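1. Model the following, please.
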Amino acid sequence: MAAHRNFTVTLTNVSGHDLETYADDRIAIQHAVDGEWRPTVGVADDHEWSDRTTTHEPGDETAWEIDVSVSEPVLGTYEFCTMPTPGDYRAVFWGFPHGPDSDPLALATEFEIIEPEDDDEESR
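-> Now for the predicted structure:
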């Protein structure tokens, strides 16, 4: 993906049964820096999340459009921790309910932001 472009994160229930997730958008975009994943898009530490859940039937999709060309992402409670630069990233979804004695379940997928091609520069 070229820097300064929109991208979409899509979560699809590919299981054969209903899955429950929290109803609010619980995603993060992280950048690999010196062997660690660091937040690029996230929420403030003191953000209060809802306990409301929603059920996803097999085949249901949820998608989030992220615009990395502006100073604020389009998801209301999210903000840039750092501006995206070329490198390795991952989108993390951590909206699965879990018990008080268990660790949260998260799903992640990696992607790369690259420098735009010369003809990409002209199209902006």
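2. Buried residues in stretch 47-64, which are they?
-> Across stretch 47-64, burial judged by 16 or more other CB atoms under 10 Å covers 56, 62, 64. C-beta: built from backbone N, CA, C; applies to glycine.
3. Make sure Pro104 is actually in contact with Val92.
-> No - if you go by CB atoms under 8 Å, Pro104 and Val92 don't touch, sitting 10.4 Å apart.
4. Those two: who's more crowded?
-> Val92 (19 against 10; other CB atoms under 10 Å).
5. surely the more buried one meets His31?
-> No - if you go by CB under 8 Å, Val92 and His31 don't touch, sitting 11.6 Å apart.
6. Of the buried residues of stretch 47-64, which one scores lowest on pLDDT?
-> Of all these, Trp64 carries the smallest pLDDT score, 79.
7. so what's the nearest residue to it once chain neighbours are set aside up against?
-> Spatial nearest neighbour of Trp64, excluding adjacent residues (CB to CB, 6 or more residues apart in numbering): Val9 at 4.7 Å. Residues in contact with Val9 (CB atoms under 8 Å, 6 or more residues apart in numbering) are 27, 63-64, 66, 91, 93, 109.
8. returning to what we had before: the buried residues of stretch 47-64 in strands, which ones?
-> Here DSSP state E is the test, and the buried residues of stretch 47-64 give 56, 62, 64 as lying in strands.
9. Format the buried residues of stretch 47-64 as CSV; extra columns: distance to Gly87.
-> Shown next, in CSV, are the buried residues of stretch 47-64 (distance: CB to CB, whole Å):
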residue, distance to Gly87
His56, 31
Thr62, 26
Trp64, 20
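10. what's the closest of those residues to Gly42?
-> Gly42 lies nearest to Trp64 out of the buried residues of stretch 47-64, by CB to CB, at 12.9 Å.
11. Quick check: the closest one touching Asp24?
-> No - taking contacts as CB under 8 Å, Trp64 lies outside contact range of Asp24: 11.6 Å.
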